[in-house]
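Novice: sharing a model prediction with you, sequence too.
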Amino acid sequence: MRQHRFPISIRSGSTRVKIYRVRHRSTASGFVYCVSYNIGGRRFLPQFTDLDKALDEARLRADQLAAGKIESAAFSRPEVDELRAARSLVGETPVLSALKEWARAHDLTGGHVLAAAELWKARNVAKITRKTVAEVVKEFKSAKTKAGFNVADDHATCFTAIETDLGANFIDAVTAGQLSAWLGKRENPVTRNTYRKRIVSVWRWAQRNGYLPRELKTEAEQTDRARESAPDIGIITATTFENLLIHFRTNEAELLPVLVLAGFTGLRRAELHGQKWEDIDLQKGFVRVTVAKRGTPARRLVPLSPAAIKWLLLSGNRLGLIGTGMSVDRMRLAARAAKFSLPENCFRHGYISHRVAATGNVPEVALESGNSPTIVHRHYRELVTKAEGKAWFSISIKKRGKVIKFGTGK
């Protein structure tokens, strides 16, 4: 093995680079080799544990300095290796251009470059089947109906609005801003939140069925809920209800059964529209709610008071549905035309309030109305007295009238 005298001097033209040997306890040989050269008044002194590597470094730096490649000589070997690796990664893209693009992306995403890139890929590259909102809503309603849900009928107004206003758009192109503007047309917070619930259901269903990217939160979910004020429970008195019954018996006979069930059983609008006479047992005194959802509190039996049975017996043809699909709306219009002032949802609210007062049994009334005891306890207690409650369910037919006959309701 060739013996060297230190410092070793490596020449290239008039340039000289020296190698010094320095004792160092942590190396196997007990030495490190320092390559010494100067660039622009600054001394560089990279260290190596292997003499051959130190010699290679010294020759490289001497040749670079002799050739005038001062910038290259200023890079250490690890830095040179890192630059080569960077060039390999970016391919044909210049390293500087790649770094500029990365720095811009870093600033725009607050440092979350990879997360932003994955999100962009999910939105723009994921394979989806393009469908219009109208097509998706139609499939959604059909699928829910086949699964035994009544959403198509229960929320027909909302679905019609979605199809009319948004139906022509591809569902993957509808933005949260568009949906927020659409929801903003509903001034009532409760109505807005109801419509929002529907679009969230449709958009999530579309996502599960491959019409929207799976990895993303849907645009519908990115809209805001409206803040709802405490509900104002509007009811009518037993006297007003009695006057309504008398008026409808004389002037709106076809709608009388709908009014009777609305006030004496508290059925919801959709439940009234779907209620069949065959599910009303006048002998045993109960109503089996026809269109109630399975597995929910809405699936229930509602007792009929003797007064309610007598009013229902005035109907001569008790077959099919108790009314048409717009019976509740027609009933309210007829009542208002006759100068009755009716708060929103007053028949259901009136039933629950008077029933709680008459029985004093919140859990029982919750079961009959398809509500939770918490809701009944919170909103319907102490609105009317016990005497008023009993009066509501004792409204009698003052004079015996002939049986009123009208259509079957099928």
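Specialist: Perfect, I can see it now.

Novice: just the strands in the stretch 101-250 of the chain please.
Specialist: Under the criterion DSSP state E, counting those that start in this stretch, the stretch 101-250 of the chain carries no strands.

Novice: what about it, any weak spots by pLDDT?
Specialist: Applying pLDDT under 70 to the stretch 101-250 of the chain flags residues 120-126, 215, 228-233.

Novice: now E57, what are its backbone angles?
Specialist: Torsion angles at E57 (phi, psi; degrees, to the nearest 10) stand at phi -60, psi -40.

Novice: do you know how far it is from I10?
Specialist: 9 Å (Cβ to Cβ, to the nearest Å). All C-beta atoms are positioned from the backbone trio N, CA, C, and that covers glycine.

Novice: which residues are in contact with the most centrally placed residue in the chain?
Specialist: Nearest residue to the geometric centre of the chain (Cα atoms, centre = their mean): E221, 3.1 Å. E221 sits next to V200, W203, R204 when contact means Cβ atoms under 8 Å, 6 or more residues apart in numbering.

Novice: just the buried positions in the longest helix along the chain, please.
Specialist: Counting by DSSP state H, the longest helix found in the chain is helix 189-208. Within helix 189-208, the residues scored as buried using 16 or more other Cβ atoms under 10 Å are 191-193, 195-196, 198-200, 202-207.

Novice: dump the residues you listed to CSV, plus distance to C34.
Specialist: Shown next, in CSV, are these (distance: Cβ to Cβ, whole Å):
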residue, distance to C34
T191, 80
R192, 75
N193, 74
Y195, 76
R196, 72
R198, 76
I199, 71
V200, 69
V202, 72
W203, 67
R204, 67
W205, 71
A206, 68
Q207, 64
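
Novice: which among those residues gets closest to A366?
Specialist: Among these, N193 lies closest to A366 (Cβ to Cβ), at 22.6 Å.

Novice: is it true that the closest one touches T223?
Specialist: No: using Cβ atoms under 8 Å, N193 makes no contact with T223, being 10.3 Å away.

Novice: buried ones in stretch 241-258?
Specialist: 241-245, 247-249, 252, 254-258.

Novice: quick check: the two most widely separated of those residues?
Specialist: Pairwise distances across the buried residues of stretch 241-258 peak at 19.8 Å for E242 and E254 (criterion: Cβ to Cβ).

Novice: strands along the stretch 301-410 of the chain, start to end?
Specialist: Counting by DSSP E, counting those that start in this stretch, the strands of the stretch 301-410 of the chain are 301-303.

Novice: skipping its backbone neighbours, what lies nearest G274 in space?
Specialist: In space, and not counting its chain neighbours, G274 is closest to V291: 3.3 Å by Cβ to Cβ, 6 or more residues apart in numbering.

Novice: do you know the pLDDT at the one you found?
Specialist: Confidence at V291, expressed as pLDDT, is 82.

Novice: count of neighbours near it?
Specialist: A total of 19 residues lie near V291 under the criterion other Cβ atoms under 10 Å.

Novice: try R42
Specialist: Neighbour number of R42 under other Cβ under 10 Å is 8.

Novice: L367 reaches R299, doesn't it?
Specialist: No: using Cβ under 8 Å, L367 makes no contact with R299, being 10.7 Å away.

Novice: who's more crowded, the two?
Specialist: Set L367 next to R299 and count neighbours by other Cβ under 10 Å: L367 wins out with 17 against 13.

Novice: okay, that one and K386: tell me how far apart.
Specialist: Distance of L367 to K386, computed by Cβ to Cβ: 20 Å.

Novice: next: L245.
Specialist: 22 Å.

Novice: same question for L60.
Specialist: From L60 across to K386, the span is 103 Å (Cβ to Cβ).

Novice: same check on R336?
Specialist: Distance, R336 to K386, by Cβ to Cβ: 30 Å.

Novice: same question, A308
Specialist: Separation of A308 from K386 (Cβ to Cβ) stands at 19 Å.

Novice: between the two, who's got more neighbours?
Specialist: Applying other Cβ under 10 Å to A308 and K386 shows that A308 carries more neighbours, namely 22 against 13.

Novice: could you double-check that V90 lies in contact with E101?
Specialist: No: in this structure, V90 is not within contact of E101 by Cβ under 8 Å, at 9.8 Å.

Novice: these two: which is more packed in?
Specialist: Taking other Cβ under 10 Å, V90 and E101 do not tie; V90 has more neighbours (15 against 12).

Novice: what residues of the helix or strand containing R16 count as buried?
Specialist: Using DSSP states H and E, R16 sits in strand 15-23. For strand 15-23, a neighbour-count test (16+ other Cβ under 10 Å) marks T15, V17, I19, Y20, R21 as buried.

Novice: mind listing what the second one touches?
Specialist: Spelled out, it's V17. By Cβ under 8 Å, 6+ apart, the residues touching V17 are S9, I10, V35, S36, Y37, A58, R59, R61, A62, L65.
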